[in-house]
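**Student:** the amino acid sequence is not available; the structure is as follows:
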């Protein structure tokens, strides 16, 4: 279904070429100042037409709040949001070829199989325009997280093709054991990332090489994949529901729900499998403010499915976009072999525009986990103290205050 | 929460050292023959004490069905299942050290922070004993999938440490472009996997090297990680809910909910980011039985979040186990630096025993998606035919029959 | 939350005086013809300003579909719907008194306590305008139910004040034992109900008496309650999830979620408690088309939480509206006693306008239960036949065909 | 499905004649003292065989906690609970007649239609034994509510057949306008209710008349219905989710999910429809402890779907039990007319034993709503204060403290 979250619940609607796209955000805490100005910046970072590296479709993507606020303050009731589809060119998709062929590795075939009908043009519901509602909702969650806990969420491009910001080495099969990498994660901010527009990889040389790769694939009417790394700082200890809804499991779910994603790894990730436990284990130390923290962070801020107070970071793989101009030998819906040269306006590499989408989904995951823990923590705090027979600790707020 | 699934819903209970562990399976189709004999084989593949490479804890893990069947047939009502905890040795965990220290990279610290109390011994709820209920539930789903669609689910160990069954190469940054790999995925079965016990990597030489690695780490009182690959064959076309509940997103959620996992990749995965779209795209061809299928399978059987009828395959990363016998400098709950030498019975490498758990979670994901699609498909099939104005296809059953 | 349903899921948004109200319908079967013309009639039956007996607020309530259809056919994707708020007069609610007092028996006080903020005018989210989205969604469900199973849903006013269409008698403490009542339930249609506008009680004399009562209360600036009875015909056998989600439990939930409701009874209801089991039991007989059916219908079409194929009928109690023009001695938010004479435009009796809302919620309940049963039934039908050892019956479609 | 609740989630299992019945309670706050002794009293109040007025089936109904506690303290993890089925006599139900006939107004027919199979004896899942798990779970919720907020939940029998504790009168079409009734609701406790065993109507003369009615119907091998009234005192202000999940809607859902229920009314209920708004409205007054409260309580403690701090009370209708010994002319599964004289052990009137079940479901509803509000309230309280432009109130805890 098109719903995310139990406490801070987002439901999205909209196809690539319908009247509008948008969402309803239910469960937003009441009493928070909120206007379109809080939401628009991430919409703008996501929108198409930003540079010569992205699709030339031109959408202003102005968000309009329909309900749930009054005098610029949230009422606690559902927040309806809408963005009109303006630069529609359904005709680009019609004509002699695009109607006849399901695009290879695209959703055309499976949507038709699943539903028996499909939108006649563009990706319909499978289009990245569907993420407009996610980004709008994420901006609200993010504002709350910032105001209440100073949570900072920053994503950036960490590879394009085989060009990596931190390539694996024999010493560091995962960058998580490399102090330089952890330092970057602790300091990177969005302004810095955007300074490296259009590629959004925050390092001058890597950025230049990546840009060149994308240009080459664009010019060849081909496409290429890449990865986005995201860090979430200042997350309270104790978030995540053990068993099925571990915090990293929800993050994985959220990230793999973004179109074109192929993989997710938390903390040390796949490379971490190659590191001995004696090195991989994050030993405890006492922090400057006299709390237990970890000396290293191969865990990526999550242990046993629960946040431990350290920075949460993960990496998401995006495949090369399926729609390419290059001729492809494939088959028609009518099961005849033929050659498809796709039209339409498409990105040769999605990772730069994926950055705000990864951030949005991150904020939705953390927000929902936070409210779940609030419920438990508040409930616990109203109980009478226990007899001193267990290794318990005093009740604390979710932020550890 | 401890619930998985909307249609075929599993709720588990149990800690490492309580009276019993188990689950309730709600929504199982009625009229299916089912006894403990259908469930026990996977329980036995998962149980501890199988070999010198795994924890010596000895549990028979005999499952007892409490409800939901009569005369060996499912009633459609909730199926209660229970496995007694027998070989409990909570004392192993007590004593002078284990009570004082949160184990590095273990759930000890975060559980105490989250709940304010924690089980006094073992991992409590974070123990892998929690997966007993998942495997029992998965065996039921798997039986249904086999009976109704001949679905086959086979997992195996694909790497231990830096020893890979299919290591990445410049030509094949992802094995998904390697025909040898796809051939293995189409033919591997559980019997073959178990023939390579205890390591469960179905290739003689790799298996030997991996076994040696695990022995080395075990003897050094250290631990090492690895990956499990899983293939699901004969999945009907059309499963997966677009937007947030894409099929690969649910699989990622399910896999990252297994203790000790760090990553998930579907199809070409992270390596696929390095492959041009023109190679990565799975062109359509007509199959022997006159249906559209794909020539290659970099998609891993899923396009746009929806199964396309090809084999679904993915890889899961497991970190080195956190509990090691080796001395670790860390801090106590009381925030004093000290040295922990962990006791208890633990696996030096979890991947061999993770195999049936990965299979179980896979079957739960597919089962739930299948029933969601049944609801839609049945609803659609009762509608009158449309005027012939859209690129629609005739209504078909979810299995495309 | 503002979400209803698991399979056919409706999420609504909107307050009494915001930019628009509306909803997202997720899970609508694909391939159904649908335009605004299918939805508007029920919107119009619900809208204010219909007669001298209802609030003079004048809203055209034109619904606009935003997404989820193309060429007038559902795509299976979320259907966004919007109705603009036009005749807003927030000033009516301001001024010297309405800002100062929480209206007695209204949501003003509890919303402020719950959220800490409240909409400055009108009922905000507690306004009956919130039901606009429900009625729009219900019209879609209803169209599906009609097309697929010829389901007919008809509600009508069964009492106003102490004036009842079928008052309880010693012989019939519940009308469900009265054949005249059952006959009405089998034959009533919407056209007949609307012929008795504005009161919508389908009997000439009762209708006249009820109209008079409403006029009296309106003229006295007072208000009065009433009941709405609803019948749902041609519901397939087998709908409803035993245990917590019995079909009558979901109907009760749905009905008590409509503003101003105070009670719900299914079939014989409260009066049925006074009837001996030997009379109350619905004996089985063989129907004309050779199926088991019941001779009487005190069950109201549901046994053990599951539909039995007979007509489902129930009654819903609506209290006298809380907002009255008459002077009331009460207290201000600032806890000072005073006299409130409420302004604004309000209904003296809500039951006539509640009729389409009751119908809409009914259709949402049946639609969701139908899709749940489709999933189970389809799953069951793919299993191999059982050995003949149980009192089973052959697999049938949910509609018993 | 067999799951109740989002935050405090109960999943039950078990049929009338399987190995055990029970439940899993997920989401219980950690750090609460809890043993079987907290749960057993309500189990004992519910169990069969209590008196000559109830079924002679003899079950001790000893509950065993399987998980989720250690040293008598909740861990915050799922609490598994089990009660063995001991006094099983499936043979009572077999033989020449009970196998052939679906019992009129029972679940036999609809279960077979829904599932295609049914339990061979007794009610299977539709048996009241399914409520064992609910009562066990409710006892845990109730303990929490008592410890944290001093919530008191008391149910009692308010009518049997046409014998009412507070019969409707022209002056009081609903007892909610009768001060005597409200006084009873404020003072009644469980001990007093049980002093009127076996009928549990807390008034000497009414109790005697009701007992006599039940005896008459029992001796005639017939059955009779009745109502249970329940009051919930000291519920914090602000519970209930507006729109679909109003607090009274959840209560209605919960109550109508109890076997044999036919109706639900909150506060003034159906009788309240006959009372003018000017009388029905609950004017605000200032309480002794300087808070806004209401002078009357026709609302039943809920306004706009949200608790207002006054006592919540409601009434539930239970039909005459379907299984009666008296001969009934009906039809067999094979569609032949015949005469059924039901065997088995059954209650002639269920209301006395329904009392603890109604209390249990009440506690589950309140507990879940409380935790939902905790999440919102905690989230709100961490926001910075607003500029003073809205009619807001200072943030408070859910208990208004």
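**Tutor:** Perfect, thanks for sending it. Since the structure is predicted, the reported quantities are computational estimates derived from the model, not experimental observations.
**Student:** check whether the helix ranked longest in chain A contacts chain C.
**Tutor:** If you go by DSSP state H, chain A has its longest helix at helix A:351-381. No. Against chain C, helix A:351-381 shows no contacts by Cβ under 8 Å from any Cβ of the partner chain, the least distance being 11.9 Å. For the C-beta atoms, the positions are set from N, CA and C on the backbone; glycine is no exception.
**Student:** for that helix, the distance to its chain's centre please.
**Tutor:** Here helix A:351-381 is found 12 Å from its chain centre; the criterion is Cα atoms, centre = their mean, to the nearest Å.
**Student:** show me what contacts the most centrally placed residue in chain A?
**Tutor:** What sits nearest the mean C-alpha location of chain A, by Cα atoms, centre = their mean, is residue A:358, with 1.6 Å. Going by Cβ atoms under 8 Å, 6 or more residues apart in numbering or on different chains, residue A:358 touches A:155, A:228, A:230, A:255, A:258, A:316.
**Student:** the second one: what secondary structure?
**Tutor:** When you say that, I think you mean residue A:228. Residue A:228 falls in the strand class when you classify it by DSSP: H, G, I helix; E, B strand; the rest coil.
**Student:** gap between it and residue C:303?
**Tutor:** Using Cβ to Cβ, to the nearest Å, we find residue A:228 at a distance of 55 Å from residue C:303.
**Student:** neighbour count winner among those two?
**Tutor:** Higher neighbour count among residue A:228 and residue C:303: residue C:303, with 30 against 27, using other Cβ atoms under 10 Å in any protein chain shown.
**Student:** chain neighbours aside, what residue packs nearest to the more buried one?
**Tutor:** Of all residues not flanking residue C:303 in the chain, residue D:110 sits nearest, at 4.7 Å (Cβ to Cβ, 6 or more residues apart in numbering or on different chains).
**Student:** avg pLDDT for the host helix or strand of the one you found?
**Tutor:** Using DSSP states H and E, residue D:110 maps to helix D:108-115. Averaging pLDDT along helix D:108-115 yields 94.
**Student:** what about stretch A:36-50 and chain C, touching?
**Tutor:** No. Using Cβ under 8 Å from any Cβ, stretch A:36-50 stays clear of chain C, coming no nearer than 11.7 Å.
**Student:** nearest to chain D, of the contacts of residue A:358?
**Tutor:** Comparing the contacts of residue A:358 against chain D with Cβ to the nearest Cβ places residue A:230 closest, at 23.0 Å.
**Student:** that closest one against residue A:314, yeah?
**Tutor:** Yes. Judged on Cβ atoms under 8 Å, residue A:230 makes contact with residue A:314 at a distance of 6.0 Å.
**Student:** neighbour count: these two, which is higher?
**Tutor:** For the pair residue A:230 and residue A:314, the greater number of neighbours falls to residue A:314 (26 against 22), based on other Cβ under 10 Å.
**Student:** what about the residue nearest to the more buried one when sequence neighbours are not counted, distance to chain C?
**Tutor:** What sits nearest to residue A:314 in space, not counting adjacent residues and going by Cβ to Cβ, 6+ apart, is residue A:266, at 4.6 Å. According to Cβ to the nearest Cβ, to the nearest Å, residue A:266 and chain C sit 29 Å apart.
**Student:** same check, this time on residue A:130
**Tutor:** Residue A:130 sits 9 Å away from chain C, taking Cβ to the nearest Cβ as the criterion.
**Student:** residue C:68 versus that residue, what's the distance?
**Tutor:** Using Cβ to Cβ, residue A:130 is found at 12 Å from residue C:68.
**Student:** so what sits against both of the two?
**Tutor:** Common contact partners of residue A:130 and residue C:68 (Cβ under 8 Å, 6+ apart): residue A:15.
**Student:** need the helices for the stretch 151-300 of chain A, in chain order.
**Tutor:** All helices of the stretch 151-300 of chain A, identified by DSSP state H, counting those that start in this stretch, fall at A:179-187, A:190-195, A:204-219, A:247-256, A:269-272, A:277-280.
**Student:** most tightly packed of these?
**Tutor:** With neighbours taken as mean count of other Cβ atoms under 10 Å in any protein chain shown, the helices of the stretch 151-300 of chain A reach their highest mean count in helix A:247-256, at a mean of 29.
**Student:** residue of the stretch 301-401 of chain A nearest chain B, please.
**Tutor:** Residue of the stretch 301-401 of chain A nearest chain B, by Cβ to the nearest Cβ: residue A:304 (2.3 Å).
**Student:** what's near enough to touch that residue?
**Tutor:** The contact partners of residue A:304, taken as Cβ under 8 Å, 6+ apart, are A:242, A:246, B:106, B:107, B:108, B:110, B:111, B:123, B:126, B:259.
**Student:** how does it look with 7 Å?
**Tutor:** Listed by Cβ atoms under 7 Å, 6 or more residues apart in numbering or on different chains, the contact partners of residue A:304 are A:242, B:106, B:107, B:110, B:111, B:126.
**Student:** I'd like the residues you listed as CSV, with distance to residue A:386 and neighbour count appended.
**Tutor:** Below are the contacts of residue A:304 laid out as CSV (distance: Cβ to Cβ, whole Å; neighbours: other Cβ atoms under 10 Å in any protein chain shown):
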residue, distance to residue A:386, neighbour count
A:242, 21, 26
B:106, 24, 22
B:107, 21, 26
B:110, 20, 27
B:111, 16, 28
B:126, 21, 26
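**Student:** ok, those residues vs chain D, which is closest?
**Tutor:** Closest approach between the contacts of residue A:304 and chain D, by Cβ to the nearest Cβ: residue A:242, at 7.4 Å.
**Student:** leaving out sequence neighbours, find the closest residue to that closest one.
**Tutor:** Setting aside the residues directly before and after it, residue A:242 is nearest to residue A:305 in space (Cβ to Cβ, 6+ apart), at 4.9 Å.
**Student:** and if you look at residue A:328?
**Tutor:** residue A:340 (5.1 Å).
**Student:** and that neighbour, how many neighbours?
**Tutor:** Residue A:340 - counted by other Cβ under 10 Å - has 24 other residues nearby.
**Student:** how near is it to residue B:194?
**Tutor:** Following Cβ to Cβ, the distance that separates residue A:340 from residue B:194 is 44 Å.
**Student:** next to chain D, which bits of chain A? Give me the list.
**Tutor:** Within reach of chain D by Cβ under 7 Å from any Cβ of the partner chain, chain A has these residues: A:6-7, A:29-33, A:71, A:73, A:76, A:147-148, A:371-372, A:374-376, A:378-380, A:382-384, A:386, A:389-390, A:392.
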